[in-house]
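A.B. asks: sequence unknown, structure follows:
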């Protein structure tokens, strides 16, 4: 799987910074957590599946940092939910080895398989030239005017 903005260290450090800000009197560390998480959220927004949740998480992280600084941890925790959902989704996809497409959708695996199966059926019916030698002449397998694969 292609990794988003510096791989796993960015979201892990961001979660750690937010936890540190929640648990100590150094509430300014929440802003560091939001800054660390920003490239992760911005890069995750390139995946169509996560576009809106990543942009919401981007802004909500800075809101959460501000709420931690203003001593409103309950509201700050609620503001961190989109970021935590994004991190959880990428974690699940990583452990299940699910590959995500960036930007516009490309050909699906099913379309690619159908196309290659058709080509394989058309070209895979002929024997290798060096392995088989023809001993008799036969009628042509494909007549003029027909189309498609030769049986």
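C.D. replies: Arrived safely. Source: prediction; values computed, not measured.
A.B. asks: hey, let's count contacts and neighbours off CA atoms from now on
C.D. replies: OK.
A.B. asks: if I pick residue 73, what's in contact with it?
C.D. replies: Neighbour list for residue 73: 22, 67 [criterion: C-alpha atoms under 8 Å, 6 or more residues apart in numbering].
A.B. asks: Could you do the one 5 residues further on as well?
C.D. replies: In this structure, residue 78 makes contact with residue 64, judged by C-alpha under 8 Å, 6+ apart.
A.B. asks: Let's see that with 10 Å instead.
C.D. replies: The neighbours of residue 78, taking C-alpha atoms under 10 Å, 6 or more residues apart in numbering as the test, are 60, 64.
A.B. asks: Next, it: secondary structure please.
C.D. replies: Judged by DSSP: H, G, I helix; E, B strand; the rest coil, the three-state class of residue 78 is helix.
A.B. asks: Show the pLDDT at it.
C.D. replies: Looking at residue 78, its pLDDT reads 93.
A.B. asks: let's have the chain start at 438 instead
C.D. replies: Done: numbering now begins at 438, and the last item shifts to residue 515.
A.B. asks: ok, now how distant is it from residue 453?
C.D. replies: Distance from residue 515 to residue 453, counting by C-alpha to C-alpha, to the nearest Å: 17 Å.
A.B. asks: now do residue 528
C.D. replies: 16 Å.
A.B. asks: ok, now residue 513?
C.D. replies: Taking C-alpha to C-alpha, one finds residue 513 at 15 Å from residue 453.
A.B. asks: Who has more neighbours out of these two?
C.D. replies: Shown here are residue 513 and residue 453; by other C-alpha atoms under 10 Å, residue 513 has more neighbours (24 against 15).
A.B. asks: What ranges does this protein have for its helices?
C.D. replies: 446-460, 466-481, 488-506, 510-516, 518-532, 546-560 (DSSP state H).
A.B. asks: what about the residue nearest to residue 499 when sequence neighbours are not counted, distance to residue 477?
C.D. replies: Spatial nearest neighbour of residue 499, excluding adjacent residues (C-alpha to C-alpha, 6 or more residues apart in numbering): residue 471 at 5.4 Å. Distance from residue 471 to residue 477, counting by C-alpha to C-alpha: 10 Å.
A.B. asks: Between the two, which contacts overlap?
C.D. replies: 448, 451, 494, 495, 520.
A.B. asks: Redo those as TSV? Include pLDDT.
C.D. replies: Formatted as TSV, the shared contacts of residue 471 and residue 477 follow (pLDDT from 0 to 100):
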residue	pLDDT
448	86
451	90
494	93
495	92
520	93
